[in-house]
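[1] Using only what follows, build the 3D model:
(chains A and B)
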Amino acid sequence: MRKVLIIARTTFKENIRDKILYNLLFFTLAIIGVSVALGQVSIGHEQKIIIDMSLSAISLFGTLIAIFIGTGLVYKELDKRTIYNLISKPVRRSEFILGKYLGLMSTLLVNLALMSAGAYLALWLLGKSVQSEFLYVLAAVYAIFLQLMLVTAIALMFSTFSTPVLSAVFTFALWVIGHFSTEMKRLADILRSAVTGHICVALSYALPNFSNFTISGRENLLKSAAHFHAPQLTTLMLATAYGFLYSALLLTLAVFIFQKRDFK
Amino acid sequence: MNVVEITHLTKDYRTGFWFHKRRRALEDLSLTVQAGEIFGFLGPNGAGKTTTLKILMGLIRPTAGKARILGCPIDHVQMHQEIGFLPENPYFYEYLTGREYLIYTAELFGRGRAAAQSRAVELMEMVRLEESLKIPLRKFSKGMIQRIGIAQALINDPRIVFLDEPMSGLDPVGRREVRDIIMNLRARGVTVFFSSHILADVESLCDRVAILNRGRLLDIGRLTEILRMEVSALEVMAKDVQAVTLERLQQLGGQTHAIGDRLHITLPDDRSLLEVIMTVQEGGGKVISVNPVRESLEEFFLKRIDAQYVSSHQYAQAGSEISR
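    Sure, this is the predicted structure:
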């Protein structure tokens, strides 16, 4: 585990020294600024708009970072042949994959923390007071983190055998499809062909289901945070279990593929 | 004691769009390296040297055959604790400084933070990069990168070091320093396995060499065993030789060629040596030196590679005649 953490720390350092990351962060903060301006012209709904826009920006930019950096994580090591120096050391290939994953996840965690701090700052600037309901926003940020965990695992898995462009396309496609899993199940009910229906149901279970991270009961988790509704604890716990298990499965697959690779 | 044992190692690369074609990079390679020796792995580009080293380092898997390092199979991760590796044209994380990279490497070998830091500084001094501790690797020249590569290969005080073209990209001073490092390693009992196509380096450093071409082992052994050590000619160097004397020297069987104010006279054997020396002196010239000419590694290497080319060409021709 120590070697995993050493690789993770270096990956984190790489991400932090990467200028693209700062640009995205700057852009997110700008969006939050815009939401403050918008909030001031929408009488009575300022806080709701700020929370809504901030959470959407946090989710969008977190996903972009996860996809664009995640898909290049392994590929860059192979392309620049830095992997030669690493695998020739007493390091298991699984330790390398896990280290890379944890490195990016810690970068995303720091980003989420900074972005959330920005959102809270915007709320404070607007109301000059802090309400206890603001804490519900953290539940939504946690759900976004779980979502990013899964997106990063997908991106990393693709990057073990594909180019960054293709990996990004595949990951983005899965991310989009994953938001329509519930619709896919509904489609299965509507379809007359039993075979197609079964395929739709199987796919809705097999493909990552991102609604697990956004829907709390009948409510959208992000929207409910904006309305200061307390999230359902069971939903969060199920989302946690789903996020961790699915990510672990994908990482196992990534390690399996990576074990078979020749580094020419 | 054998520290590296390679047995019938073969590697095919799959090529083509559907990966249905095979290209043989290494064929049935068997050799051993003994503890404490400097072993040179020689061959032209594409001979299979890097493929062999990559298999030994666990970067690629062999199609057939096996290898052991320090008695352990090559996929044994813990065995890597005892070895160092410098890849050909190494690349490192450009966003780190040389010192940071060495600390990172030392930590991967299980050293604590403080021990890793002091080892990193120690090695930076050894490869003469102590002035560049805080410079990011992206600003390093090729020679500096090669030095960092050597430093990271030695970070764990290894029992065996594998160096793939260690002199590549280095100026004459740098090459001399690497030679000194390698000699120093041998003095400490470290085994060095290094590949090169710079024959002069191999000739001056190695106890034993293996010559590889087109994936096949052509020769292996001590330099004194594989090179013909008998004198093949004599070279007399003289100066102030007159034109009349030159004619007489050629009549004595000497091949002459002038470089600057010096004349090189090559004789097939020592039968006319005394007469040649006297002729030079009588003509007012001075004999500077007399040297026996032995077959160099370069001559041997080129001869072996040419021989393999001719035999494979003949084989291919014979094959095409049979198929006709």
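
[2] can you count the residues close to the nearest residue to B:Asn2 once chain neighbours are set aside?
    Once flanking residues are discounted, B:Asn2 sits nearest to B:Thr32: 4.4 Å by Cβ to Cβ, 6 or more residues apart in numbering or on different chains. C-betas here are computed from N, CA, C, even on glycine. For B:Thr32, the neighbour count with other Cβ atoms under 10 Å in any protein chain shown is 15.

[3] now the one 3 residues further on
    A count of neighbours around B:Ala35, defined by other Cβ under 10 Å, yields 14.

[4] Tell me if I'm right that it and B:Met1 touch.
    Yes: using Cβ atoms under 8 Å, B:Ala35 is in contact with B:Met1, at 4.6 Å.

[5] contacting residues around B:Gly253?
    Shown in contact with B:Gly253 (Cβ atoms under 8 Å, 6 or more residues apart in numbering or on different chains): B:267-268, B:272.

[6] That one in helix, strand or coil?
    The assignment at B:Gly253 comes out as coil when based on DSSP: H, G, I helix; E, B strand; the rest coil.

[7] related to what we said a few turns ago, can you tell me the SS state at the residue nearest to B:Asn2?
    Going by three-state DSSP: B:Thr32 is strand.

[8] quick one: the residue of the stretch 201-324 of chain B found nearest chain A and B:His8, what's the gap?
    Of all residues in the stretch 201-324 of chain B, B:Gly215 sits closest to chain A, at 14.9 Å by Cβ to the nearest Cβ. Distance, B:Gly215 to B:His8, by Cβ to Cβ, to the nearest Å: 13 Å.

[9] hey, what's in contact with both of those two?
    In terms of Cβ under 8 Å, 6+ apart, B:Gly215 and B:His8 are both contacted by the residues B:Leu29.

[10] contacting residues around the nearest residue to B:Glu282 once chain neighbours are set aside?
    The shortest distance from B:Glu282 to any non-neighbouring residue, by Cβ to Cβ, 6+ apart, is to B:Thr245 (7.7 Å). Taking Cβ under 8 Å, 6+ apart, we find B:Thr245 in contact with B:279-280, B:282-285.

[11] Now for those residues: which two are most distant?
    Using Cβ to Cβ, the contacts of B:Thr245 span at most 10.8 Å, a distance reached by B:Thr279 and B:Gly284.

[12] who's more crowded, the two?
    B:Thr279 (21 against 10).

[13] which regions of chain A lie under the pLDDT threshold?
    Scanning chain A for pLDDT under 70 picks out A:20-21, A:23-25, A:27-28, A:31-32, A:36, A:39-40, A:43-44, A:127-133, A:215-228, A:231.

[14] element containing the most centrally placed residue in chain A?
    Nearest residue to the geometric centre of chain A (Cα atoms, centre = their mean): A:Leu148, 1.2 Å. Using DSSP states H and E, the element containing A:Leu148 is helix A:135-159.

[15] For the helix or strand just after that helix, which outside residues touch it?
    Sequence order places helix A:164-178 as the next helix or strand after helix A:135-159, per DSSP H and E. Residues from elsewhere that reach helix A:164-178 (Cβ under 8 Å, 6+ apart): A:63, A:67-68, A:70-72, A:75-76, A:151, A:154-155, A:158-159, A:162, A:184, A:207-211.

[16] one step back: tell me which residues of the helix holding A:Leu148 are tucked away?
    Of all the residues in helix A:135-159, those buried under the rule 16 or more other Cβ atoms under 10 Å in any protein chain shown are A:136-137, A:139-159.

[17] That one - contacts with which helices or strands?
    Packing contacts for helix A:135-159, counted by 3 or more Cβ pairs under 8 Å, 6 or more residues apart in numbering or on different chains; DSSP states H and E, involve helix A:46-70, helix A:73-79, helix A:93-127, helix A:164-178, helix A:211-214, helix A:221-226, helix A:233-260.

[18] Need those in a markdown table (columns: mean neighbour count).
    Conversion of those to a markdown table gives the following (neighbours: other Cβ atoms under 10 Å in any protein chain shown):
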| stretch | mean neighbour count |
| --- | --- |
| helix A:46-70 | 22 |
| helix A:73-79 | 20 |
| helix A:93-127 | 20 |
| helix A:164-178 | 18 |
| helix A:211-214 | 22 |
| helix A:221-226 | 23 |
| helix A:233-260 | 16 |
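
[19] among these, which is nearest A:Gly33?
    Closest of these to A:Gly33 is helix A:93-127, at 7.5 Å (criterion: Cβ to Cβ).

[20] can you tell me if the closest one touches chain B.
    No: figure legend: helix A:93-127 not in contact with chain B (Cβ under 8 Å from any Cβ of the partner chain); closest approach 8.9 Å.

[21] In terms of secondary structure, what does that helix contact?
    Under the contact definition 3+ Cβ pairs under 8 Å, 6+ apart, helix A:93-127 sits against helix A:2-16, helix A:19-41, helix A:46-70, helix A:73-79, helix A:83-87, helix A:135-159, helix A:233-260.

[22] B:Arg138: which of those helices is closest?
    Short answer: helix A:2-16, nearest of those by Cβ to Cβ, at 12.1 Å.

[23] and the stretch 1-150 of chain B, which of its residues are near chain A?
    Contact residues, the stretch 1-150 of chain B versus chain A (Cβ under 8 Å from any Cβ): B:13, B:54, B:57-61, B:77-81, B:83, B:85, B:87, B:89-93, B:95-96, B:104-105, B:107-110.

[24] Thank you kindly, that will do.
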